[in-house]
Every structure is written in structure tokens, then in C-alpha cells.
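Chemist: Okay, sequence plus prediction incoming.
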Amino acid sequence: MSSAPTAQGPLVVGVDSSTQSTKALVVDSATGRVVARGQAPHHVSTGEHRESDPQEWWDALRTALEQCGPSAREAAAVSIGGQQHGLVTLGKDGSPVRPALLWNDVRSAPQAQSLVERLGGPKVWADRVGSVPGPSFTVTKWAWLAENEPASARATTAVRLPHDYLTERLTGLGTTDRGDVSGTGWWASGSEQYDESVLDMVGLDPALLPRVAHPGEIVGTVRDGDELPFSKGTLVAPGTGDNAAAALGLGLRPGSPVLSLGTSGTVYAVSERRPADPTGTVAGFADARGAWLPLACTLNCTQAVDRVAALLHLEREAVEPGGSVTLLPYLDGERTPNLPHSSGVLHGLRHDTTPGQLLQAAYDGAVHSLLGALDVVLDPDADRSSPLLLIGGGARGKAWQHTVRRLSGRPVQVPEAEELVALGAAAQAAGLLTGEDPSAIARRWDTARGPVLDPVARDEAALSRIAGVLSDAAPLLDRAPHGE
Ligand SMILES: Nc1ncnc2c1ncn2[C@@H]1O[C@H](COP(=O)(O)OP(=O)(O)O)[C@@H](O)[C@H]1O
Ligand SMILES: O=C(CO)[C@@H](O)[C@H](O)COP(=O)(O)O
């Protein structure tokens with residue numbers, strides 16, 4: 001527990017409700033100083049499916065705020081950033097009808113394929129919705145639910161994203177924001193409205209969806225009740241998806257690339273142009289301000305590499321250079337490249353391959369996918385030599401840092417601030433008090449400050465070896481392992 005030393009401005013709270021845990025920061029809105037912090041874990045189901053109980057996110061939020069001590073109750077405003085895409089289905093009494101289907105649950109791959117065809121193909125989706133939906137997108141999860149658990153779909157009276165669910169529990173009002181709703185697949189980025197024909201196609205009544213708040217809007221105040229972790233009357237900001245929140249938290253300017261290493265791996269940049277990639281590699285998300293956030297995401301990042309280290313009984317930093325082994329670490333199926341049924345593939349094992357080389361190959365495989373996607377995420381005129389901003393839990397790891405430098409050939413900047421999603425949410429909350437753009441607030445707070453690691457020569461041999469295995473293994477990667 002910690003209590004707040006004297007702050008120079010009103011306190012605000014920023015929350016990151018991500019896949020593995022909820023983190024809460026109490027921040028001095030004048031300076032960006034983190035006055036108190038808390039963190040509590042969530043359970044994600046293992047095996048074939050990825051589900052979590054939304055009630056556990058709420059409990060984790062309360063625990064994280066309790067860890068912050070009394071300062072959280074002094075906060076003048078709060079904002080929630082949350083993992084994207086998850087399908088939260090609420091019944092008449094406001095509680096979940098079933099556990100939430102998370103962004104990394106690939107069960108809806110057949111529904112994704114069929115929805116893409118039914119609307120007229122990938123280009124129609126990209127032009128209209130901004131993204132070609134894969135199994136991560138909420139619309140495909142709803143289609144899966146309607147087909148496979150019709151009773152749950154019928155019992156659903158409200159559909160929410162994870163951050164909407166938590167925001168609504170604070171205010172009592174169903175709201176979302178343009179950043180997070182752009183990951184549903186039922187919000188048309190061209191018109192910035194819910195797409196009635198997509199909703200009609202999946203049999204979802206628009207009345208079940210939350211109102212899309214404007215950037216900078218006060219969506220409500222914390223309602224009365226002993227159960228609530230803030231004081232009554234605290235202002236509540238729209239919140240947003242975790243990647244859009246991190247973009248706010250970095251005070252990101254257009255063209256500056258971010259590589260985030262968390263449960264998911266993501267690469268993105270802010271852009272003034274609305275993205276529309278018919279290949280589906282780039283999701284055409286909106287950001288939380290009024291611009292765009294082209295982004296590519298992998299399902300296998302820090303957890304996949306940590307799993308390989310555990311299998312080898314190695315510490316995660318125990319990598320060794322050399323050798324010719326390639327590991328495509330697609331333990332959970334993969335989204336980038338779009339191979340939802342795939343599993344991990346190992347090639348090039350020799351008698352003299354060391355465990356440390358195998359571990360390095362897992363890092364290489366994970367980073368290769370992200371860097372390949374970064375090329376298409378960036379606008380064609382973007383500066384390809386500016387520093388990559390490295391964030392997320394993995395950014396602390398030396399092996400991750402070195403792998404990104406070696407395979408990108410770019411300088412890498414590692415912000416000292418660890419919780420950029422929660423800081424972005426805090427900046428959004430602070431914006432409610434001052435009327436400023438949250439990104440400008442984050443720049444004033446200097447949140448991106450951190451060492452810039454010099455570039456090293458790009459390891460072209462490793463990149464082409466991985467690309468070769470990826471292409472040669474195509475038939476294997478297109479299907480689940482035999483026996484599954
Ligand atoms: N010092 C570290 N070095 C490398 N990886 C780390 C380190 N600390 C945490 N991680 C990784 O960060 C991951 C959590 O990242 P985080 O961004 O907090 O995830 P999420 O937001 O998806 O819940 C863990 O899976 C762990 O593997
Ligand atoms: O699906 C995406 C982005 O499209 C993921 O980035 C999720 O938003 C989960 O984020 P983390 O928990 O890994 O931060």
C-alpha cells in the first residue's frame with residue numbers, strides 16, 4: 001500500500017485491464033507522476049479455448065485500486081483501457097450470460113471465413129469496415145455463439161467489449177469509444193456508424209450495443225454504492241482499447257512506429273489516413289482521438305517464448321547465437337500470418353543445436369511476424385530509420401530488445417514508463433479536467449522518455465531462413481496437428 005505525497009494537480013486514475021492482469025495507476029494530472037499503483041491477475045482458460053470471467057476483471061480492478069490506497073478515492077476522473085475484441089454477453093440482470101470469448105480464441109475461424117465471403121469479399125470489408133475480420137474480431141465471435149450456443153445468444157440483452165463492461169459498471173450507462181468499437185467488425189470506419197447490414201447478417205439487434213462516445217466526452221460519473229472503488233461523482237472518460245490507450249500514453253505522433261510485446265504482439269502507428277488493407281494483415285482501427293491506428297497483431301508473443309524457455313528448462317534470457325534452427329512459435333494458432341489452425345513448427349535441428357539457440361529461434365520467429373507486418377502498417381512515405389518504440393512486459397527483456405534490433409536494423413527506444421496503457425487512460429481522464437488532447441498531455445508528462453539503443457546490422461540470413469520455412473511449411477500450417 002502507498003499513499004499520495006503532495007500532488008501538484010488533481011489526481012486521475014488510469015486502468016489497463018489486459019489479458020493477464022488489471023493494472024491501475026493514480027497519476028498527478030499536472031506532472032504525470034505516478035502516485036500509487038496496483039495490479040491483480042485474471043484467469044484465462046487454457047486448452048483449446050481462451051475465455052475469462054468478466055466478474056473477475058471487476059474484482060481485479062477493485063483489488064488493484066485497494067492496493068493504490070486512499071489516493072484512488074481522491075481521484076477527480078478515471079478512464080479504463082482494456083484488451084480489445086472480447087465478446088461480453090450480458091443478460092437481463094446485467095451479469096454475464098457466459099464467460100467472455102477473448103481476442104485470442106480462434107474458434108470462430110470458420111465463421112470469419114464465411115462472413116468475409118457473404119459481405120462480398122475482403123476488399124468490401126476493408127473499404128467499408130476498415131478491416132477484414134479474422135477470428136479475433138467480435139463479430140465472428142457473436143456469429144460463433146449464435147450458431148453454437150443459441151440459448152446464450154437468445155439470453156443476451158447487451159453486448160459489450162471488456163472496457164465497455166467495466167466503464168458501465170462504474171457509470172451505469174452503456175458506452176464505448178471509436179478506438180475499441182473499431183475492433184468489433186460491426187462499426188463502419190468509413191461512416192463512423194454501426195454497420196446495420198453486418199449486424200443484420202449476424203442477427204445482432206443494434207439496440208443491444210452501447211452508444212459510441214466522442215473523444216473527450218464525459219460519459220458519466222461514478223454512481224453511488226459502497227461497492228464502487230471510487231468516490232461518487234468522479235468523472236468517467238470514454239476509455240478505449242489497450243493499444244489505442246498506449247498510443248495516447250506515448251503521445252504518439254503520426255508515422256512513429258510502436259512494437260508492443262505482451263500477451264499479444266502488436267505493431268502500429270498513428271495515421272491521418274483511414275486504413276483499408278484487403279489482405280487483412282493490417283487492422284484498420286480508429287484511434288481514441290479522431291485519427292487512425294493501423295495495427296497488426298500476433299497471438300504468440302511473450303507467453304509462447306516463455307513456454308519454449310520452460311520446456312527447455314532455461315531462463316528467458318538464456319539465448320545463444322548461431323546455428324540454423326528455425327522455430328515458428330505458433331502455439332495458439334496464429335493471426336499474423338493468418339493461420340488460425342496452425343501449431344508450432346521446428347526446422348533445422350542438428351546434433352550441435354544448443355538449447356539456447358532453440359530459445360533464440362523462438363524469439364526470432366515471434367519478432368519476424370511483427371516486423372514483416374510493420375512494413376505494411378506504416379504509410380508508404382513513413383521514415384523507415386526512425387526508432388521503434390518498444391513497450392509491453394517483454395520490452396524489459398534484453399533478449400527481446402536485442403532480437404528486435406537484430407531483425408529490424410533500426411534504433412530501438414525503450415520508454416522507462418512501464419504502464420503505457422494505464423498512463424494513456426490516465427491522460428484521457430486528465431483531458432476531461434483540462435480540455436486538452438490526451439496525447440498532448442502525455443507529451444507534457446514526457447512518458448516516452450527512455451534510452452535509444454543504437455541500430456545493429458540487420459540479420460538478413462535469419463530473416464530469409466524464417467521466410468523460407470514459413471513458405472515451405474504452408475500445408476502443415478494450414479491445419480491443426482494430426483489427432484486434434
Ligand atoms: N523482465 C521481463 N523480460 C521479458 N519478458 C517479461 C519481463 N517481464 C514481463 N515479461 C513478459 O511480459 C508479459 C506480460 O506483458 P504485459 O504487457 O503486461 O501483458 P498483457 O498486457 O497482455 O497482460 C508476460 O507474459 C511476460 O512473459
Ligand atoms: O487483439 C489485440 C489487438 O487487435 C490484442 O492486442 C488485445 O488487445 C490484447 O492485448 P494484450 O492483453 O496483449 O495487451
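Modeler: Nice, I can see it. Ligands and ions are numbered 1, 2, ... in the order given.

Chemist: Got the confidence number for the spatially closest residue to V12 that is not a sequence neighbour?
Modeler: Spatially, and ignoring its direct neighbours in sequence, V12 is nearest to A429 (3.9 Å; C-beta to C-beta, 6 or more residues apart in numbering). No exception for glycine: its C-beta is placed from N, CA and C like everyone else's. With respect to pLDDT, A429 has a value of 98.

Chemist: Over to the one 3 residues further on?
Modeler: The predicted structure scores L432 at 98 on the pLDDT scale.

Chemist: same question, A382
Modeler: So A382 comes in at 85 (pLDDT).

Chemist: ok, it touching R253?
Modeler: No - contact criterion C-beta atoms under 8 Å: A382 and R253 do not qualify, at 11.3 Å.

Chemist: Same drill for these two, tell me which one is more crowded.
Modeler: A382 (16 against 11; other C-beta atoms under 10 Å).

Chemist: Ramachandran coordinates for D242?
Modeler: phi -70, psi -30 (degrees, to the nearest 10).

Chemist: and it, how many neighbours?
Modeler: What D242 shows, counting by other C-beta under 10 Å, is a neighbour count of 33.

Chemist: could you measure it against G86, distance?
Modeler: From D242 across to G86, the span is 11 Å (C-beta to C-beta, to the nearest Å).

Chemist: Also D205?
Modeler: 20 Å.

Chemist: Which one of the two is surrounded by more residues?
Modeler: Set side by side, D205 and G86 give different neighbour counts by other C-beta under 10 Å, the larger being at G86 (31 against 11).

Chemist: wait, isn't the more buried one in contact with L161?
Modeler: Yes - because the distance of 6.2 Å satisfies C-beta under 8 Å, G86 is recorded as touching L161.

Chemist: Now for those two: what residues contact both?
Modeler: T138 (C-beta atoms under 8 Å, 6 or more residues apart in numbering).

Chemist: what does the model give G47 for pLDDT?
Modeler: On the pLDDT scale, G47 is placed at 83.

Chemist: just L228 next, same as before
Modeler: 76.

Chemist: Against ligand 2, how distant is it?
Modeler: Distance, L228 to ligand 2, using C-beta to the nearest ligand atom, to the nearest Å: 25 Å.

Chemist: For that residue, which non-adjacent residue is spatially closest?
Modeler: Leaving aside its chain neighbours, L228 sits nearest to V222 (5.6 Å; criterion: C-beta to C-beta, 6+ apart).

Chemist: again with G9
Modeler: Leaving aside its sequence neighbours, G9 sits nearest to A30 (C-beta to C-beta, 6+ apart; 2.8 Å).

Chemist: who's in contact with that neighbour?
Modeler: A7, Q8, G9, P10.

Chemist: Return the item of those residues having minimum pLDDT.
Modeler: Out of the contacts of A30, that is A7, at 89.

Chemist: For ligand 2, see how far away the closest residue to it other than its chain neighbours is.
Modeler: Nearest residue to A7, sequence neighbours excluded (C-beta to C-beta, 6+ apart): D28, at 4.0 Å. For D28, the distance to ligand 2 (C-beta to the nearest ligand atom) stands at 25 Å.

Chemist: Could you do P206 as well?
Modeler: 23 Å.

Chemist: Then F230?
Modeler: The value you get for F230 to ligand 2, if C-beta to the nearest ligand atom is used, is 23 Å.

Chemist: Same question for A151.
Modeler: Distance, A151 to ligand 2, by C-beta to the nearest ligand atom: 27 Å.

Chemist: Now do the phi/psi pair for that residue.
Modeler: According to degrees, to the nearest 10, A151 has phi -70, psi -40.

Chemist: before we move on, what SS does V88 have?
Modeler: Following DSSP: H, G, I helix; E, B strand; the rest coil, the label given to V88 is strand.

Chemist: Could you count how many residues lie near it?
Modeler: Neighbours of V88 (other C-beta under 10 Å): 26.

Chemist: got the contact list for it?
Modeler: P54, P96, A100, V159, R160, L161, P162, D164, Y165.

Chemist: Repeat that for A188.
Modeler: Going by C-beta under 8 Å, 6+ apart, A188 touches R128, V129, G130, Y194, D195, V198.

Chemist: let's see 7 Å
Modeler: By C-beta atoms under 7 Å, 6 or more residues apart in numbering, the contact list for A188 reads R128, V129, D195.

Chemist: Could you check how far the first one is from E460?
Modeler: This means R128. Taking C-beta to C-beta, one finds R128 at 38 Å from E460.

Chemist: So for those two, which sits in the more crowded spot?
Modeler: Legend: neighbour count by other C-beta under 10 Å for R128 and E460, higher for R128 (18 against 10).

Chemist: Kindly state the beta-bridge partners for the residue lying closest to that one once chain neighbours are set aside.
Modeler: Nearest non-adjacent residue to R128, counting by C-beta to C-beta, 6+ apart: A188, 5.4 Å away. Beta-bridge pairing of A188 under DSSP bridges involves Q193.

Chemist: Please determine how far A188 is located from Q84.
Modeler: 17 Å.

Chemist: Repeat that for A72.
Modeler: 25 Å.

Chemist: Between the two, which has more neighbouring residues?
Modeler: More crowded of A72 and Q84, by other C-beta under 10 Å: Q84, with 32 against 26.

Chemist: if I read this right, that one contacts G183, doesn't it?
Modeler: Yes - Q84 is within contact range of G183, at 4.4 Å (criterion: C-beta atoms under 7 Å).

Chemist: Common neighbours of these two, please.
Modeler: Common neighbours of Q84 and G183 (C-beta under 7 Å, 6+ apart) are G241.

Chemist: Same list (the contacts of A188) but as TSV, adding distance to ligand 1 and pLDDT.
Modeler: Below are the contacts of A188 laid out as TSV (distance: C-beta to the nearest ligand atom, whole Å; pLDDT from 0 to 100):
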residue	distance to ligand 1	pLDDT
R128	30	97
V129	25	98
D195	28	98
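
Chemist: From those residues, which land in helices?
Modeler: With helices taken from DSSP state H, the overlap with these comprises R128.

Chemist: Looking at the contacts of A188, which is nearest H402?
Modeler: V129 (37.9 Å; C-beta to C-beta).
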